[in-house]
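Undergrad: predicted structure and sequence below. I'll ask about it afterward.
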Number of protein chains: 8
Amino acid sequence: MSPDVLIVLGSKSDVEVGKKAASLLKDFGVDHKMVIASAHRTPDHLRELIRNSDAKVFIAIAGLSAALPGTIAAYTTKPTIGVPVSGKVNLDSILSITQMPPGIPVAAVGLDRGENAALLAVQILSLNDESLAEQLQEHRKKLAEWVMEDNESLGE
Amino acid sequence: MSPDVLIVLGSKSDVEVGKKAASLLKDFGVDHKMVIASAHRTPDHLRELIRNSDAKVFIAIAGLSAALPGTIAAYTTKPTIGVPVSGKVNLDSILSITQMPPGIPVAAVGLDRGENAALLAVQILSLNDESLAEQLQEHRKKLAEWVMEDNESLGE
Amino acid sequence: MSPDVLIVLGSKSDVEVGKKAASLLKDFGVDHKMVIASAHRTPDHLRELIRNSDAKVFIAIAGLSAALPGTIAAYTTKPTIGVPVSGKVNLDSILSITQMPPGIPVAAVGLDRGENAALLAVQILSLNDESLAEQLQEHRKKLAEWVMEDNESLGE
Amino acid sequence: MSPDVLIVLGSKSDVEVGKKAASLLKDFGVDHKMVIASAHRTPDHLRELIRNSDAKVFIAIAGLSAALPGTIAAYTTKPTIGVPVSGKVNLDSILSITQMPPGIPVAAVGLDRGENAALLAVQILSLNDESLAEQLQEHRKKLAEWVMEDNESLGE
Amino acid sequence: MSPDVLIVLGSKSDVEVGKKAASLLKDFGVDHKMVIASAHRTPDHLRELIRNSDAKVFIAIAGLSAALPGTIAAYTTKPTIGVPVSGKVNLDSILSITQMPPGIPVAAVGLDRGENAALLAVQILSLNDESLAEQLQEHRKKLAEWVMEDNESLGE
Amino acid sequence: MSPDVLIVLGSKSDVEVGKKAASLLKDFGVDHKMVIASAHRTPDHLRELIRNSDAKVFIAIAGLSAALPGTIAAYTTKPTIGVPVSGKVNLDSILSITQMPPGIPVAAVGLDRGENAALLAVQILSLNDESLAEQLQEHRKKLAEWVMEDNESLGE
Amino acid sequence: MSPDVLIVLGSKSDVEVGKKAASLLKDFGVDHKMVIASAHRTPDHLRELIRNSDAKVFIAIAGLSAALPGTIAAYTTKPTIGVPVSGKVNLDSILSITQMPPGIPVAAVGLDRGENAALLAVQILSLNDESLAEQLQEHRKKLAEWVMEDNESLGE
Amino acid sequence: MSPDVLIVLGSKSDVEVGKKAASLLKDFGVDHKMVIASAHRTPDHLRELIRNSDAKVFIAIAGLSAALPGTIAAYTTKPTIGVPVSGKVNLDSILSITQMPPGIPVAAVGLDRGENAALLAVQILSLNDESLAEQLQEHRKKLAEWVMEDNESLGE
């Protein structure tokens, strides 16, 4: 059975960004799986993977000319979140993921922002899951508390 | 009563991009509303608007130093979609919307891509709405058919 | 039967750049065909098209987050030439086509440079076609002559 | 009682740039305070903080999609100085802070230039404080002397 | 006698941006003057102008390699506001004005944002002028009202 | 006798990128040679080298204002592949190699992508070499297998 | 006999920028000539032209991947001035001309700045020509006077 | 007595780039001097320095918003060479130095290219110095020989 969120890495080198996403989904108790599938090196495998998946949300993580999120979005009408991975240029992955043509949206988050991709996935799933919605509220409160704690630690 | 999707424009000059979003939502029969509220000129109004809204998805459309999507995302845990609007620099709105800090995700779409923001909203809502999910499948088929028709018209 | 060169446009809006390529191939008497197929809107059609093509060289022309050349390159081991199409950002299509990952090369030419994509295709085909090789030599001479004629026309 | 200058950091990671500002203000004997408050993670706290502050000048220090300076500027009509913090992209924070819409100005200084933000604050305050104005003259002379000393140390 | 705000244009071609600043200052009743003085073509004139001016705030408006704001800032310890003017590159004037070295701050506003430079000047002057401070509050309210009126006019 | 592929480095500092190309060509059993020849420091040597070479494909590897690929392309009608080398700016070499004028194409690959330049050369040569064509198919399969193995190693 | 300054255009489309240079040289009475010669389309002609020229200064004007100035600099040890010509990207010609490797300098001026290239040539020639040096002083004075006249015309 | 070439550093942190220039001038036996003088921190000193200098060529080395070369060019009609120094943004110093307004040229060389600035100065001085002209020819030959030696050392 498919997980609710499928995290797809374009290559093994994207794994650290992927772990940020997986870790947050785990914290929220969201059923998820992380796999590697390349839009360029394993196009047929990627196609089968997405077409046969029952995931509700896809998170695609890739660097350089990051075609992965767009390719996944082309194979599904489920929401696809794209995470650009940093490298020597950075504008390459950011623009490759953001500048999708009309008709096939990708939800781009920031450079290396695996955790934000996961949070966005949780936000989406929480529209139909009261418990998740409450956890999000809690998480948001904690974020604020952490800021206030950091504030305390500034001393002065 | 709140609409399912609230489209927020940063200023009146963003209205053409907003109409692309509204038009697509109308085609899908999704309950929506389009308003102007500025993160910089009407911060209190924006805060009240978002805090009191029952919208399931927010679409924020803004140019320049486009703080609107991030500000909305700060006031809600519902999914927020950001649309950068083109101007003299373009990298300003793209990067302002994409490069959100950890904890507060915005789902960025491409420059002036109001229709993609709306489609992403429909994809999100369709996770819990069979009829929308079917319409998305139909829409995707039509996109492909239009490509094939364009193909025919190339002649040769 | 497949043409020697298949020109693939990502959308109808790329047709002017495509015509530059087609026109040059016609001048060289190279068997070619121009079609529209989108990596994002018609992924299955594109896959079938490339997998079943006997073309020796592919020319892929696309703007924005231009995944088309890379997707074609993923489906074939024939040389794939990518042409970025200009728009509001330009660095998006240039970097999307240039910055391919290891293992799946795309031969990028300049922004809107359909004619150069075609010339590169002719150069490739001429490795095994004496007549084309001679035509290339003639074309190169003509380029130089045109420069000299422009030079004359400067007067002074 | 409020300090004359309130330094607001978008997150704890901005503290080194903040210290440059605080240190210079201390040298000039300007009453100041440094706090952390996030436009995205603690929007209500930030709003209260700014609305209730009697500070004459605000210095906002933030990286990435740096909405902090603009958000502060939206809550006050006091001068707001924004300091972009360096990261993997840099143009993100520079453009997010510089490209404010008409009506809500932010005074942007250079990347990581906390000390210049503080100097600008001192320049502003010195319009109504003879002692500060004189200190600024002294400081300017010292800057020149340091250049001349560096010059000496070049030897040759 | 010097005006309170001196607007300096780098060349006659910057006059439209300058008028935006002058017009706003006039609305606020702030004593001001607009002149042309080039850091590169009239360096001595510029030096005399700034050194002999009793202006409280300087607004420097320039395009390309916009050295004007920094040069003015070098001749005065009064607050200097820099306005980058748009052209074929845009990042040239934005970065030339923003990226000042430590010790000599310039307060950069957005591309062609003459009105924001003037508002920033008013904010600075209002620290010591109750009437201006009140006018700023009124202006801010009007900005919000205009947004609300635009909102009305959206209809729907 | 000339090799099939001539790899030209703009300077000794490009050798690591060159070795990636040479290593891949060796794996495919393609006859090749790697030399240093500078468009700027040894223009006559470069001209003689290219004019007298019987190589079927040229790979030019250079950083900064990378004129090498274009200069080689100007001296031959054989396919020329350009590899931009990374440095402090990166957009310099990418744009210098990509943005060739009409009439003289260069096939640009990604930053530091020596291996992709070599693969592109193999793709070109394989149009007329069944054995190479088969090796490319094998190589492509191996790429996919490596992805699948990386996938396994993700565990979870 | 060679002129003192040889203006070389990369293509006929650069002629407007070339005329700015020629016109200024004419005003100064400097012996000059303007020709078209392409680094990519007429490499041999360009080489002969530069090698056989007795010009004291070369001005090379080119757009896109502007190899012309660097190629000329490679063929002569006389000062070579490069003028990037504007197009769809602009950073391409600016960086192609500026980022020359060690050993072969090009003196880059601004985008489309033919007149500045000519002025730089006059400055160089005037080191050994009293009359030119005086004319430069006069020209500089006129520049300042024009600024002052523009200043007058601001009225107010 | 003034040296033939005056190297001006914007700050002590530019000294490594300055040494590259000084070292090359020493090799050519050109009389030179290196000083620090800031356009922003010591504007009067800089003005006196340039106005009273009999140097034939100025080399100005600066990072960030690099106004130094343009300011020197404003005070002299002698050729001024500008060297952008690398930092966190790089496009700031490159564009600040390249994009000078009409009438006041700066000869920009590449990022951190002190040696090229010196070579350009030598090229300029050699127009009137046979011995320098010959040394340049020798230097150019050595550059080529070094390339050939590097070539040998590739072995293979």
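TA: Here it is on my side, so go on.

Undergrad: stretch A:95-112 close to chain F?
TA: No. Taking C-beta under 8 Å from any C-beta of the partner chain as the criterion, stretch A:95-112 and chain F are apart, separated by no less than 12.0 Å. Where you see a C-beta, it was placed from the backbone N, CA and C, and this is true even at glycine.

Undergrad: one more: stretch A:14-27?
TA: Yes. On the criterion C-beta under 8 Å from any C-beta, stretch A:14-27 is in touch with chain F at A:Val15, A:Ala22.

Undergrad: what about the closest residue to A:Arg113 other than its chain neighbours, how many residues nearby?
TA: In space, and not counting its chain neighbours, A:Arg113 is closest to A:Val83: 6.0 Å by C-beta to C-beta, 6 or more residues apart in numbering or on different chains. Neighbour count for A:Val83, taken as other C-beta atoms under 10 Å in any protein chain shown: 35.

Undergrad: repeat for A:Glu149
TA: Number of residues near A:Glu149 (other C-beta under 10 Å) recorded here: 12.

Undergrad: just the CA trace of the strand or helix carrying it, in CSV.
TA: Secondary structure assigned from DSSP states H and E places A:Glu149 in helix A:130-153. Provided in CSV are the C-alpha atoms of helix A:130-153 (Å, rounded to 0.1, in the frame of the first residue of the first chain):
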residue,chain,number,x,y,z
GLU,A,130,-8.4,17.3,12.3
SER,A,131,-5.6,15.7,14.2
LEU,A,132,-3.0,16.9,11.8
ALA,A,133,-4.6,20.4,11.8
GLU,A,134,-4.2,20.5,15.5
GLN,A,135,-0.6,19.3,15.4
LEU,A,136,0.1,22.1,12.9
GLN,A,137,-1.3,24.6,15.4
GLU,A,138,0.9,23.1,18.1
HIS,A,139,4.0,23.1,15.8
ARG,A,140,3.4,26.8,14.9
LYS,A,141,3.2,27.6,18.6
LYS,A,142,6.4,25.8,19.3
LEU,A,143,8.1,27.7,16.5
ALA,A,144,7.1,30.9,18.2
GLU,A,145,8.2,29.6,21.6
TRP,A,146,11.6,28.7,20.2
VAL,A,147,12.0,32.2,18.9
MET,A,148,11.1,33.6,22.3
GLU,A,149,13.6,31.2,23.9
ASP,A,150,16.3,32.3,21.5
ASN,A,151,15.3,35.8,22.4
GLU,A,152,15.9,35.1,26.1
SER,A,153,19.3,33.6,25.4
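
Undergrad: what comes up buried for it?
TA: Judged by neighbour count using 16 or more other C-beta atoms under 10 Å in any protein chain shown, the buried positions of helix A:130-153 are A:132-133, A:135-136, A:139-140, A:143-144, A:146-148, A:150-151.

Undergrad: burial measure for the residue nearest to A:Gln123 when sequence neighbours are not counted, as a count.
TA: Closest residue to A:Gln123 apart from its sequence neighbours, by C-beta to C-beta, 6+ apart: B:Pro79 at 4.6 Å. Neighbour count for B:Pro79, taken as other C-beta under 10 Å: 29.

Undergrad: tell me who's in contact with B:Pro79.
TA: A:Leu120, A:Gln123, A:Ile124, A:Leu127, B:Lys56, B:Val57, B:Phe58, B:Ala107, B:Ala121, B:Ile124 (C-beta atoms under 8 Å, 6 or more residues apart in numbering or on different chains).

Undergrad: before we move on, what about A:His45?
TA: Going by C-beta under 8 Å, 6+ apart, A:His45 touches A:Ala37, F:Ala144, F:Val147, F:Met148.

Undergrad: which of those lies closest to H:Ala22?
TA: H:Ala22 has its nearest neighbour among the contacts of A:His45 in F:Val147, at 53.0 Å by C-beta to C-beta.

Undergrad: checking the residue nearest to A:Arg113 next. Helix, strand or coil?
TA: Three-state assignment for A:Val83 (DSSP: H, G, I helix; E, B strand; the rest coil): strand.

Undergrad: so it bridges to which residues?
TA: Taking DSSP bridges as the rule, A:Val83 bridges to A:Ile61.

Undergrad: I'd say it and A:Ala60 touch.
TA: Yes. Look at A:Val83 against A:Ala60 with C-beta atoms under 8 Å: they come within range, at 7.0 Å.

Undergrad: hmm, back to that, ok, the residue nearest to A:Arg113 - contacts?
TA: Applying C-beta under 8 Å, 6+ apart to A:Val83 gives the contacts A:17, A:21, A:59-62, A:69, A:97, A:108-109, A:112-114, A:116-117.
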